[in-house]
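Q: compute the structure for the input listed below.
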Amino acid sequence: MRIMKCNLFPTALICLWAATVSADSLIVELPNGKLRGRDNGKYYSYESIPYAEPPLGDLRFEAPKPYNRIWKDTFNATNPPVLCTQWSQFIDQPEKLAGTEDCLIVNVYKPKNSSRQSFPVLVHIHGGAFMFGGAPGYGHDLLMASGNSIVVKINYRVGPMGFLSTNDVDLPGNIGLKDQRLALQWIKQNIARFGGEPENILVMGHSAGGASVHLHLLKPDFNTLARAAVSISGNALNPWVVQKGARRRAFELGRIVGCGLLNSSKELKSCLKAKEASEIVRAVQNFFVLDYAPFTPFGPVVEPAETVDAFLTQHPIDIIRSGKFSQVPWLTSYTQEDGGYNAAILLAKESTGIEVIEKLNSCWKDVAPHLLFYRDFQCTLEEMDDHSQYLRQKYLGNRSFSVESYLDVQRLFTDVLFKNDTQLAIDLHRQHGKSPVYGFVYDNPAEKGVGQWLSKRNDVFFGSVHGDDYFLIFENSVRQINRPDEKVISKNLIKMLEDFAQGDTVRYDNCVLRDNLDQKEFQLLSINIHGCVNMQVNEFP
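A: Residues are numbered from 1 along each chain as shown. Okay, the predicted model is just below:
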């Protein structure tokens, strides 16, 4: 018995010490007070942490205010994140309303890795056409399984709640981007308290998230918030990102929800502040000409120069050409058939059994400027018609719009909405920048992805569509990971990001991505099922 007592005593101490360590690791102390996270087995999570005051009442349609409240009790950081109020394309039912206005939160995920005292930080800005999406839609289990980085997911206001603009100082717009910026400042100031390395922050995003990252990079002081940036299938030059016509759409939305025929921005803002958020968000349906298209009726704008704390006062092309942007290493990319979003909706069948694409034969000139985002960039109706006819002739020749010609239509969408401006962005950065700029193209089609989901069909080969690569990093319910090759690619992509967060060299598997700075030919990495290949090209494939 004496021997048993001697053995039990140190064992009890060890158990007590382990329990204390485990409990302490869930507590993080911020300037606001203490918060408690959750032990998820392989990682810790600290969710729904406010970085801004709830944008309610008089704070609706205003730039975010930093969250400075002091917690008397320990803040409960175990509540799962919510969505910001939105009309979501990826809710598969007629009622697509989701979310809440009180949504300005960050979510921190820390791996359990005893071999590291601190971790580089991957900050995620979600996509969703600036209209929908949020932290809950992007899984982090693959990144946590790697165990080499802290992941932070940001929520920001979307749709008209985040991007309504009358193009004047009363309602300048870009509120969602200002949310993101405040969240990035919060991360820089607080991530060390979670074990993150504030000097090794990589900001990344996909689609509208990728475009957002690029827009942040174009601000001169972004280098104080991050050391590297990644824009996957989306950048600031894509035609759906910075648009004209916002003032017209803002007052039209006001008319739809019952504010009348106003011409005063102050009166419009006052009226909209008194409306239910759900009523405002539901009204976006009136701006679609076909299904959920154009997919970004409310997005970033160029703000008046006199706007207080403006986010963007010049078009991104002009900023890049001026050279007055942050010199931070930047990686951008596209998939071989990015245009499957949103072209795949054209393959959906109506109740008559006829595919939507056949409608384009009679209404192409009417809907093309909306679908491809040049409606507000052409001066006259004749110019729009001419451009629509030019695109049809270039990609289809004399053929009709049909299921048989769909892949050519998808290629049109890919080029106009994604690929062409990825090439242009890298071209401008290599001419006018001073920091490394890298690019890759992804071509390894998913068996089930965005194309199949939007079309509700599995009998069409879409190729490598929007998200086929990104959702191998952040899991999404519309993208299934089934194959061994995809699991290998997933690990390679994640390692590439983890390494990039800590150094300028970008490596995918055994391929080192080449810098485009001052190069005459484009340096582009091709990633496919067989591995990777460095290419030198004059035009993107």
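Q: enumerate every residue touching the closest residue to Pro329 other than its chain neighbours.
A: Nearest residue to Pro329 in three dimensions, chain neighbours excluded: Pro436, at 4.4 Å (C-beta to C-beta, 6 or more residues apart in numbering). Using the backbone N, CA and C atoms, a C-beta is placed for each residue, glycine as well. Residues in contact with Pro436 (C-beta atoms under 8 Å, 6 or more residues apart in numbering) are Pro329, Trp330, Asp504, Val506, Asp515, Asn516, Leu517.
Q: quick one, longest strand in the chain?
A: strand 196-206 (DSSP state E).
Q: related to what we said a few turns ago, state the distance from the residue nearest to Pro329 to Asp366.
A: Pro436 sits 44 Å away from Asp366, going by C-beta to C-beta, to the nearest Å.
Q: again, but for Gly210
A: Relative to Asp366, and taking C-beta to C-beta, Gly210 is found at 30 Å.
Q: of those two, which one has the most company?
A: Gly210 (30 against 13; other C-beta atoms under 10 Å).
Q: so who does the more buried one touch?
A: Contacts were defined as C-beta under 8 Å, 6+ apart; by that measure Gly210 touches Gly127, Met204, Val230, Ser231, Ile232, Ser233, Gly234, Asn235, Thr332.
Q: can you rerun that using 6 Å?
A: Gly210 sits next to Ser231, Ile232, Ser233, Gly234 when contact means C-beta atoms under 6 Å, 6 or more residues apart in numbering.
Q: determine which two of these are furthest apart.
A: Spatially, the most separated pair among those is Ser231 and Ser233, at 8.0 Å (C-beta to C-beta).
Q: returning to what we had before: filter the contacts of Pro436 down to the ones in strands?
A: Trp330.
Q: ok, the contacts of Pro436 vs Gln423, which is closest?
A: Gln423 lies nearest to Asn516 out of the contacts of Pro436, by C-beta to C-beta, at 10.4 Å.
Q: which ones are touching that closest one?
A: Ile426, Arg430, Val437, Gln523.
Q: tell me the pLDDT of the third one.
A: Put plainly, it is Val437. Per-residue pLDDT puts Val437 at 98.
Q: tally up the residues packed near it, please.
A: 23.
Q: what's the nearest residue to it if we skip its chain neighbours?
A: Nearest residue to Val437, sequence neighbours excluded (C-beta to C-beta, 6+ apart): His429, at 4.3 Å.
Q: mind checking which helix or strand that neighbour is in?
A: In this structure, His429 sits in helix 420-432 according to DSSP states H and E.
Q: buried set for that helix?
A: Judged by neighbour count using 16 or more other C-beta atoms under 10 Å, the buried positions of helix 420-432 are Asn420, Asp421, Thr422, Gln423, Leu424, Ala425, Ile426, Asp427, Leu428, His429, Arg430.
Q: so which of the residues you listed would you say is closest to Val257?
A: Closest to Val257, out of all of the buried residues of helix 420-432 and judged by C-beta to C-beta, is Asp421, at 33.4 Å.
Q: which ones are touching the closest one?
A: Contacts of Asp421 were listed using C-beta under 6 Å, 6+ apart, and they are Leu237, Asn238.
Q: quick check: it vs Gly531, distance?
A: 27 Å.
Q: for Asn76, same thing?
A: Distance from Asn76 to Gly531, by C-beta to C-beta: 46 Å.
Q: pLDDT score assigned to Trp17?
A: 31.
Q: do Glu276 as well
A: 97.
Q: what of the one 10 residues further on?
A: Turning to Asn286, the model gives it a pLDDT of 97.
Q: and it, what does it touch?
A: Ile256.
Q: could you rerun that using 8 Å?
A: Asn286 neighbours (C-beta under 8 Å, 6+ apart): Glu252, Leu253, Ile256.
Q: which of these lies closest to Leu218?
A: Out of those, the member with the shortest distance to Leu218 (by C-beta to C-beta) is Leu253, at 27.7 Å.
Q: how does the protein divide up, domain by domain?
A: The chain breaks down into these domains under automatic domain parsing: 35-53+65-328, 340-351+420-537.
Q: and stretch 390-405, average pLDDT?
A: Stretch 390-405 comes out at a mean pLDDT of 97.
Q: and stretch 305-325, by the same measure?
A: Rounded mean pLDDT across stretch 305-325 is 97.
Q: again, but for stretch 337-357
A: Mean pLDDT, computed over stretch 337-357, is 92.
Q: mind checking the end-to-end distance for that stretch?
A: Criterion C-alpha to C-alpha, to the nearest Å; first-to-last residue distance in stretch 337-357 is 18 Å.
Q: number the chain from 34, please
A: All set: I'll call the first residue 34, so the last point we hit is now stretch 370-390.
Q: contacts only, for the spatially closest residue to Asp476 that is not a sequence neighbour.
A: Of all residues not flanking Asp476 in the chain, Gln369 sits nearest, at 4.0 Å (C-beta to C-beta, 6+ apart). By C-beta under 8 Å, 6+ apart, the contact set of Gln369 is Thr447, Val474, Tyr475, Asp476, Gly496, Ser497, Pro574.
Q: just the ones in strands from the residues you listed, please.
A: Judged by DSSP E, strands contain the following of the contacts of Gln369: Val474, Tyr475, Asp476.
Q: among those residues, who's most crowded?
A: Ranked by the number of neighbours (other C-beta under 10 Å), the ones in strands among the contacts of Gln369 place Tyr475 first, at 24 neighbours.
Q: so Cys565, which of the three states?
A: strand (DSSP: H, G, I helix; E, B strand; the rest coil).
Q: swap in Leu379?
A: helix.
Q: burial of it, as a residue count?
A: With other C-beta under 10 Å as criterion, Leu379 counts 24.
Q: just the buried ones from the contacts of Pro469, in PyMOL syntax?
A: Applying 16+ other C-beta under 10 Å to the contacts of Pro469, the buried members can be selected in PyMOL as follows:
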select buried, resi 362+363+539+548+549+550
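Q: follow-up on the earlier one: from the contacts of Gly243, pick the one nearest Lys489.
A: Closest to Lys489, out of all of these and judged by C-beta to C-beta, is Ser266, at 22.2 Å.
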